[in-house]
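Engineer: okay, sequence plus prediction incoming.
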Amino acid sequence: MRSIGFIGVGNMGGAIAKSILNKKDGADTIYVFDADDKKKDDFAGLGAVATDSAKELTKASDVVFLGVKPDIALNVLKDIASEFNSNKILISMVSATTIEEIENIIGGMKIIRIMPNTPAMIGEGTTAVSYSKNTSKEDVDEAICILEMFGSTYVIEEDLMHCAIGISGSSPAYTYMYIKQLMNSAITRGLSEKTARDVAAHAVIGAAKMVLSSTESLDTLIDNVCSKGGTTIEAVNLLESNGFYELVDRGFNAAYEKSKAMSEENN
């Protein structure tokens, strides 16, 4: 039986821990530590084992998730370094902390860096994964098995983590903005708020599933919705002529550049 520990059970760490607790079916022991005692107590009520320190958790766990804020991450790593050994896996979700920085503190251990996103809260997350040179394929596969308890994963080189911020880490917010405006536009034209919200969200879900299930290009999928002289092509032409694609790219790039800047500040 595997033991999984969570140092920090805030919004993201807590969401991942809850997803694993909901799906583990008794196969794993889940340990948690957080500076907030109430959060620890809440997780103990869900079946986790609350520990008194990050060191105690690290000693007891085979896999350790590090989910603390970037400004304290290095100090936490220094605190738990003595409890690490080559049999343990560290999974860090600290956005601005690199694998090299972690190695400088705990040594050449099995280190996996991830960038999840908030839909992990409902088991629909998308998580970018990078790993250290001392992490074997078997170790990565084991980590992915855990990560896929709360969504899908994709493995990338660590220097592409800034790109992961733009395409998956931050992108739920862009999508919520799109749904919000579709909803508001429909409300002003007569639909109730609940109906407009549900319809807009389901339309986005359906379109996303079409992308995942189809081998056709996105341009073809767009064309398939458009009829010459029809309503959809009228809207598509307006969006294109007003810089829709350029605006999305600028938003993506803003997140990308901010991620790079945060990483440079941390170094």
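Structural biologist: Sure thing, it's come through.
Engineer: show me where the protein dips below the pLDDT cut-off.
Structural biologist: Judged by pLDDT under 70, the chain has its weakly predicted residues at 1, 24-27, 267.
Engineer: and the strands in it, which stretches?
Structural biologist: The residue ranges that make up the strands of the chain, judged by DSSP state E, are 2-7, 28-33, 49-50, 63-66, 89-92, 110-115, 125-131, 151-155.
Engineer: now render those strands as JSON lines, adding mean neighbour count and distance to residue 172.
Structural biologist: Heads up, the C-betas are built off the backbone N, CA and C, glycines and all. Output for those, formatted as JSON lines (neighbours: other Cβ atoms under 10 Å; distance: least, Cβ to Cβ, whole Å):
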{"stretch": "strand 2-7", "mean neighbour count": "24", "distance to residue 172": "22"}
{"stretch": "strand 28-33", "mean neighbour count": "22", "distance to residue 172": "25"}
{"stretch": "strand 49-50", "mean neighbour count": "18", "distance to residue 172": "30"}
{"stretch": "strand 63-66", "mean neighbour count": "25", "distance to residue 172": "20"}
{"stretch": "strand 89-92", "mean neighbour count": "24", "distance to residue 172": "21"}
{"stretch": "strand 110-115", "mean neighbour count": "25", "distance to residue 172": "12"}
{"stretch": "strand 125-131", "mean neighbour count": "23", "distance to residue 172": "9"}
{"stretch": "strand 151-155", "mean neighbour count": "16", "distance to residue 172": "12"}
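Engineer: among those strands, which is nearest residue 179?
Structural biologist: Set against residue 179 and scored by Cβ to Cβ, these come closest in strand 125-131, at 17.1 Å.
Engineer: can you count the residues close to residue 259?
Structural biologist: Each residue near residue 259 was counted by other Cβ atoms under 10 Å, and the total is 21.
Engineer: identify the residues contacting it.
Structural biologist: In this structure, residue 259 makes contact with 95, 96, 161, 162, 165, 166, judged by Cβ atoms under 8 Å, 6 or more residues apart in numbering.
Engineer: that older thread, now the strands of the chain in JSON lines, please, with extra columns for distance to residue 207.
Structural biologist: JSON lines is the format used below for those (distance: least, Cβ to Cβ, whole Å):
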{"stretch": "strand 2-7", "distance to residue 207": "34"}
{"stretch": "strand 28-33", "distance to residue 207": "35"}
{"stretch": "strand 49-50", "distance to residue 207": "42"}
{"stretch": "strand 63-66", "distance to residue 207": "32"}
{"stretch": "strand 89-92", "distance to residue 207": "32"}
{"stretch": "strand 110-115", "distance to residue 207": "24"}
{"stretch": "strand 125-131", "distance to residue 207": "16"}
{"stretch": "strand 151-155", "distance to residue 207": "17"}
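Engineer: report the angle between the axes of the helix ranked longest in the chain and strand 110-115?
Structural biologist: The helix of greatest length in the chain, counted in residues with DSSP state H as the criterion, is given as helix 244-266. An angle of 140 degrees separates the directions of helix 244-266 and strand 110-115 when computed by axes from the mean of the first three to the mean of the last three Cα atoms, to 10 degrees.
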